[in-house]
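Chemist: Take a look and give me a structure for this.
(10 chains)
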There are 10 protein chains.
Amino acid sequence: MKKEILELFDNTYPDRDYTIEIVNPEFTSVCPITGLPDFGTIIIRYVPDKSCIELKSLKYYFLEFRNAGIFYENITNRILDDLVALLKPRSLSVITEWKARGGITETVTVNYCAKS
Amino acid sequence: MKKEILELFDNTYPDRDYTIEIVNPEFTSVCPITGLPDFGTIIIRYVPDKSCIELKSLKYYFLEFRNAGIFYENITNRILDDLVALLKPRSLSVITEWKARGGITETVTVNYCAKS
Amino acid sequence: MKKEILELFDNTYPDRDYTIEIVNPEFTSVCPITGLPDFGTIIIRYVPDKSCIELKSLKYYFLEFRNAGIFYENITNRILDDLVALLKPRSLSVITEWKARGGITETVTVNYCAKS
Amino acid sequence: MKKEILELFDNTYPDRDYTIEIVNPEFTSVCPITGLPDFGTIIIRYVPDKSCIELKSLKYYFLEFRNAGIFYENITNRILDDLVALLKPRSLSVITEWKARGGITETVTVNYCAKS
Amino acid sequence: MKKEILELFDNTYPDRDYTIEIVNPEFTSVCPITGLPDFGTIIIRYVPDKSCIELKSLKYYFLEFRNAGIFYENITNRILDDLVALLKPRSLSVITEWKARGGITETVTVNYCAKS
Amino acid sequence: MKKEILELFDNTYPDRDYTIEIVNPEFTSVCPITGLPDFGTIIIRYVPDKSCIELKSLKYYFLEFRNAGIFYENITNRILDDLVALLKPRSLSVITEWKARGGITETVTVNYCAKS
Amino acid sequence: MKKEILELFDNTYPDRDYTIEIVNPEFTSVCPITGLPDFGTIIIRYVPDKSCIELKSLKYYFLEFRNAGIFYENITNRILDDLVALLKPRSLSVITEWKARGGITETVTVNYCAKS
Amino acid sequence: MKKEILELFDNTYPDRDYTIEIVNPEFTSVCPITGLPDFGTIIIRYVPDKSCIELKSLKYYFLEFRNAGIFYENITNRILDDLVALLKPRSLSVITEWKARGGITETVTVNYCAKS
Amino acid sequence: MKKEILELFDNTYPDRDYTIEIVNPEFTSVCPITGLPDFGTIIIRYVPDKSCIELKSLKYYFLEFRNAGIFYENITNRILDDLVALLKPRSLSVITEWKARGGITETVTVNYCAKS
Amino acid sequence: MKKEILELFDNTYPDRDYTIEIVNPEFTSVCPITGLPDFGTIIIRYVPDKSCIELKSLKYYFLEFRNAGIFYENITNRILDDLVALLKPRSLSVITEWKARGGITETVTVNYCAKS
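Modeler: Predicted structure coming up:
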């Protein structure tokens, strides 16, 4: 899960607040207890400051989790931390929606807002 | 309906408010009047403080209601009470949506918010 | 349309505000002008105080309208008046959604809130 | 349930086989055992011979069942018998789809084909 | 487009604010430039004061637009003006949603609120 | 309803059987009894022989029905007759699906097949 | 799982083949290996001969499986055997559709046809 | 991407705030990196001041992007700038929703509000 | 529209009939009359013989139509001809579904089957 | 991709033909060309002879493909070969539906039938 994989490009319209939402319905990681794969959808919503996320590098970043054993709650917070550290956005949310296990689904939501 | 069945795990990100939503569309209990089964979906949404609910134990906790005769309104409030007592969350909601009986459906919603 | 048909049961959790929503998609009454049947969905949403509505008696109460000739707007307000008089809820809404007549559908919404 | 209510009009294109399907999602009758209303959708599909069903009279015919206590299976066969006797169609099907009672739904299908 | 076609009936519950929503998905008028028909859905939402709109007369009022050449924006505002002048409602909105032309759809929304 | 409005263009692939389906969900005509508009979807499915229907002229052909009073069954058969006479297709079907009147919908289907 | 619970009523139209389909989306049994509940939808489709299934008794028959540990495949075949033995239908199918376990769903279909 | 293509017409109701929403689900441009086409839906929502956008000219304006290589974020901001400069609206939003690339979708939202 | 762009790869299982269906919902070409873009979904379904279509080259092949003026019917037959000539499949179908123009949609279907 | 992982259990009803359908919407493998993950749904439909597939072992069998580089067409045929060799079913189908790559989706279907 090396966040160095992520690439940024310059925000051409930094004088204006606008929102970018990215949805990846093809996320998979591994349950740290059973070793079985988990499947989920990752939603990232942010207001860029100086930079935007390059989508292809984001795809490779998500790929780093493919064989990693990590809890839903921790994946969500970890993605937030990685993206905030790199992007320095004005605000950023991460929502992860997980496919049913034992008939039960879970969704985790975390929000970041830069202090102004 | 022993709430002792519920297990918790440490919240790794206690410095941050974030939301966990759990949906169980496979809940069943028994109508205390007719003795016939009721079927519903249970939605739990909370902001964890020190602990999070372990999903497998939650499944077993829900199972305790399988042969219990209890009203919709009381199940909903009872789950809230059990989870608040154990989890001590920053906030927690329970929503129960019930399949039609006599053509009529019911949804019960209750919210808890810790005093700050 | 005798509201005496309605039965109540004690609210076990009166110290707490919570919401009960009841949906009946199988309501029918009669148009007072044409004498032809109308079909609608009735949605009742309330915060109970001392009492809750018993669902089976509510079904029989709705049945009283089956052969009654009454306008959409008046049914909606009438149900609100009956339920508020009996239940004395903290708040209560009635929403009635009617199937198309002449290609046109209508929805009527009325809200009640007890003065605190 | 007087079938005399039904009116016909002449089929303008009797030299050709073609199909007419009529759907009434607003049918209601009464359960002969509980006395409570049943709600269903009636689908009629036929190839006309000399006559077609006039839709408004069909609506009034369906209305005759509104307060009649009769089983799903019998309503379906009864409508077939009434329509076949009057219309003398080349073929005719009646499908009745009933809303859930006790969580269980039923659909009844019966087909008629004139001997050629 | 004579608004005189519209008929009103007395609001039986004038002491209470409540909302009536009327939806007509079968509206058609003519494009003033191409002369070709436009198809749309008209949504009217209002809080009645002394009067309510009679639905059948509303249907005939809408019919007045069937062969009239008029822009989406002007139809929407015109309906608002006509209804406000006649109904004198506490508040009223008109929303018109138009089927695609050249692959592009349009929705126009206008709100009126009586000064209190 | 002049079928002369319809224009054809040459089928570039006459050596091969293939199917063209055209759907117009924006058809409107007038009920010959009430004078009120009817709304429907027209589906045409055909295997071309020497010619294909030009879509814009078909749109104008449908427009001819806008203010004509004619029954569902007759519109359907009439469109079939007009198109078969002009197009001389290998086979052709017309399906018309009508919006609810008095809560009841109707669909009419007619098929033509050239004798080989 | 006593099939004696099932009640029949006389088929009023035995001279005619017609089809009855019953759907119960609220079936639950227990996995014989894990002891955890399974949830499924049961579909029964049959052509009656002398008798029809009474729906309320069928509901009680399904209830017999609530705490029984039995495989999907065996439940499906068992229901077929019980119903064929009692009903002696002209034909009968049982389809069971099971909610996901480990992300995987299963559907089992079995058909019976009386020898003529 | 010449914005001169855009044509305006006079707002007939400038004394009133109302909202116009335009949706084009058939937008296509070219990825500046791969040279492959992108597909998206463009949503424009605005409160007109003196002028409204003429829809046909908007279609031609969108067409200018068909073979242009430009990033999602820049298209969105560019459309906002062009429309604000020309229309001088009271407020205007542009939302662009893009089809999946590598399984990932993106939505960009930007809002403009005239200073009052 | 050079079909040479298409690349094939060897069918690893030529001893067995199996079906490959490819769906491209992002196809666009140009109307030869108006010069405006058309948007459609292309569905290809085939039983391979010695070779299969490589998907990336198919994408580039579809791209050749982006700025070509060509009728719906001819695109469909042209794609069939190109693919049959190159692939020599056991059977192959092309279905093209086109977005509404003037409110009317069209679908064209053509099938090829190798003589055995 | 060791098929030895698969476990079977005895078919309790071998005297009867019946169908078992298994759907796994959480399948993932790796594209042999790009090394990027593919996501798909696997559908298996079979008539058992002496044995049935145990679902948990099937889950582990699918897991063997998680990091394997293999084409859609070959996965589909490979699963068929593995299951037929082990299960010796009366008939068996494998359908694989793949998420869009470059906007294009693919579905592969292969059927096996034991010679009788």
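
Chemist: How about the contacts made by A:Leu36?
Modeler: By Cβ atoms under 8 Å, 6 or more residues apart in numbering or on different chains, A:Leu36 lies in contact with A:Val30, G:Gly102, J:Lys59, J:Leu63. (Glycine included, C-beta is placed from N, CA and C.)

Chemist: least trustworthy position among those, going by pLDDT?
Modeler: Within those, the minimum per-residue pLDDT falls on G:Gly102 (88).

Chemist: Show me what the residue lying closest to A:Phe65 once chain neighbours are set aside is bridged to.
Modeler: Using Cβ to Cβ, 6 or more residues apart in numbering or on different chains and skipping the chain neighbours, the partner closest in space to A:Phe65 is A:Ser29 (4.4 Å). On the basis of DSSP bridges, A:Ser29 is bridged to A:Asp38.

Chemist: Kindly state the pLDDT recorded for A:Ser29?
Modeler: 97.

Chemist: before we move on, what about A:Ser116?
Modeler: 66.

Chemist: what does A:Pro89 give?
Modeler: So A:Pro89 comes in at 98 (pLDDT).

Chemist: Now do the SS call for A:Asn74.
Modeler: Look at A:Asn74: counting by DSSP: H, G, I helix; E, B strand; the rest coil, its state is helix.

Chemist: residue boundaries of the helices in chain A?
Modeler: A:55-63, A:72-87 (DSSP state H).

Chemist: Of these, which is nearest chain D?
Modeler: For the helices of chain A, the distance to chain D is smallest for helix A:72-87, at 32.3 Å, taking Cβ to the nearest Cβ.

Chemist: Run through the neighbouring helices and strands of the closest one.
Modeler: Other elements packing on helix A:72-87 under the criterion 3 or more Cβ pairs under 8 Å, 6 or more residues apart in numbering or on different chains; DSSP states H and E are strand A:37-47, strand A:51-53, strand A:91-101, strand A:104-113, strand B:18-30.

Chemist: Can you list the buried residues in it?
Modeler: For helix A:72-87, a neighbour-count test (16 or more other Cβ atoms under 10 Å in any protein chain shown) marks A:72-73, A:75-84, A:86-87 as buried.

Chemist: Just want the angle from that helix to helix A:55-63.
Modeler: Comparing the axes of helix A:72-87 and helix A:55-63 via axes from the mean of the first three to the mean of the last three Cα atoms, to 10 degrees yields an angle of 140 degrees.

Chemist: do you know how far the residue nearest the centre of chain A is from B:Asp49?
Modeler: The centroid of chain A falls nearest to A:Ile79 when counting by Cα atoms, centre = their mean (4.3 Å). Distance of A:Ile79 to B:Asp49, given as Cβ to Cβ, to the nearest Å: 22 Å.

Chemist: re the thing from before, the residue nearest to the centre of chain A is in contact with A:Ser93, isn't it?
Modeler: No - if you go by Cβ atoms under 8 Å, A:Ile79 and A:Ser93 don't touch, sitting 10.5 Å apart.

Chemist: What separation do you get for A:Glu89 and A:Thr109?
Modeler: Not quite, residue A:89 is Pro, not Glu. A:Pro89 is 16 Å from A:Thr109, by Cβ to Cβ.

Chemist: Those two: who's more crowded?
Modeler: The neighbour count for A:Pro89 versus A:Thr109, taken as other Cβ atoms under 10 Å in any protein chain shown, is higher for A:Pro89 (24 against 18).

Chemist: Excluding sequence neighbours, find me the nearest residue to that one.
Modeler: Nearest one to A:Pro89, counting by Cβ to Cβ, 6+ apart, is A:Tyr46 at 4.3 Å.

Chemist: who's in contact with the one you found?
Modeler: Applying Cβ under 8 Å, 6+ apart, one finds that A:Tyr46 lies in contact with A:Thr19, A:Ile20, A:Ile53, A:Leu83, A:Leu87, A:Pro89, A:Arg90, A:Ser91, A:Leu92, A:Ser93.

Chemist: thinking again about what came up before, can you list residues touching both of A:Ile79 and A:Ser93?
Modeler: A:Ile44.

Chemist: Up against chain G, what does chain A have?
Modeler: Counting by Cβ under 8 Å from any Cβ of the partner chain, chain A comes close to chain G at A:Leu36, A:Phe39, A:Lys99, A:Ala100, A:Arg101, A:Gly102, A:Gly103.

Chemist: The second one: how many residues sit nearby?
Modeler: Which is A:Phe39. A:Phe39: 20 neighbours (other Cβ under 10 Å).

Chemist: from what I can see it touches G:Ile104, true?
Modeler: No - look at A:Phe39 against G:Ile104 with Cβ under 8 Å: they stay out of range, at 11.9 Å.

Chemist: tell me the pLDDT at the closest residue to A:Val108 other than its chain neighbours?
Modeler: Among residues not flanking A:Val108 along the chain, A:Thr76 sits closest, at 4.2 Å (Cβ to Cβ, 6+ apart). If you check A:Thr76, the pLDDT there is 98.

Chemist: which ones are touching A:Thr76?
Modeler: Here A:Thr76 is in contact with A:Val94, A:Ile95, A:Thr96, A:Val108, A:Thr109, A:Val110, B:Tyr18 (criterion: Cβ under 8 Å, 6+ apart).

Chemist: give the contact list for A:Leu6.
Modeler: A:Ile53, A:Glu54, A:Ser57, A:Leu58, A:Tyr61, A:Asp82, A:Leu83, A:Leu86.

Chemist: So of the residues you listed, which two are at opposite extremes in space?
Modeler: Distance extremes for the contacts of A:Leu6: the farthest pair is A:Glu54 and A:Asp82 at 14.2 Å, using Cβ to Cβ.

Chemist: Just give the closest residue to the residue in chain A that chain D sits nearest to, not the sequence neighbours.
Modeler: Residue nearest to chain D within chain A (Cβ to the nearest Cβ): A:Gly103, separated by 17.9 Å. Excluding the flanking residues, the one nearest A:Gly103 by Cβ to Cβ, 6+ apart is B:Glu26, at 4.1 Å.

Chemist: if we can go back for a sec, how about the helices of chain A, which one is nearest G:Ala68?
Modeler: Going by Cβ to Cβ, the one of the helices of chain A nearest G:Ala68 is helix A:72-87, 33.5 Å.

Chemist: Can you report how many residues neighbour the closest residue to chain C within chain A?
Modeler: Residue nearest to chain C within chain A: A:Thr107 (21.4 Å; Cβ to the nearest Cβ). Applying other Cβ under 10 Å, we find 19 residues neighbouring A:Thr107.

Chemist: Just give the nearest non-adjacent residue to it, would you?
Modeler: That would be B:Glu21: by Cβ to Cβ, 6+ apart, it lies 4.3 Å from A:Thr107.

Chemist: just A:Tyr13 next, same as before
Modeler: Closest residue to A:Tyr13 apart from its sequence neighbours, by Cβ to Cβ, 6+ apart: H:Asn77 at 4.5 Å.

Chemist: now do A:Ile20
Modeler: Per Cβ to Cβ, 6+ apart, closest to A:Ile20 is H:Val108, 5.4 Å.

Chemist: What is the burial count for the one you found?
Modeler: 23.

Chemist: sorry, back to before: give the intersection of the neighbour lists for A:Phe39 and G:Ile104.
Modeler: Taking Cβ under 8 Å, 6+ apart as the criterion, A:Phe39 and G:Ile104 both touch J:Glu26.

Chemist: before we move on, back to that, which residue in the residues of chain A next to chain G has the weakest pLDDT?
Modeler: Within those, pLDDT is lowest for A:Gly102, at 88.

Chemist: And that residue, its phi and psi?
Modeler: phi 60, psi 30 (degrees, to the nearest 10).

Chemist: so it makes contact with B:Ser57?
Modeler: No - counting by Cβ under 8 Å, A:Gly102 stays clear of B:Ser57, with 11.0 Å between them.

Chemist: Looking at those two, which is more packed in?
Modeler: Shown here are A:Gly102 and B:Ser57; by other Cβ under 10 Å, A:Gly102 has more neighbours (19 against 15).

Chemist: what residues are up against the more buried one?
Modeler: Contacts of A:Gly102 (Cβ under 8 Å, 6+ apart): B:Leu55, B:Lys56, B:Lys59, G:Leu36, G:Arg101.
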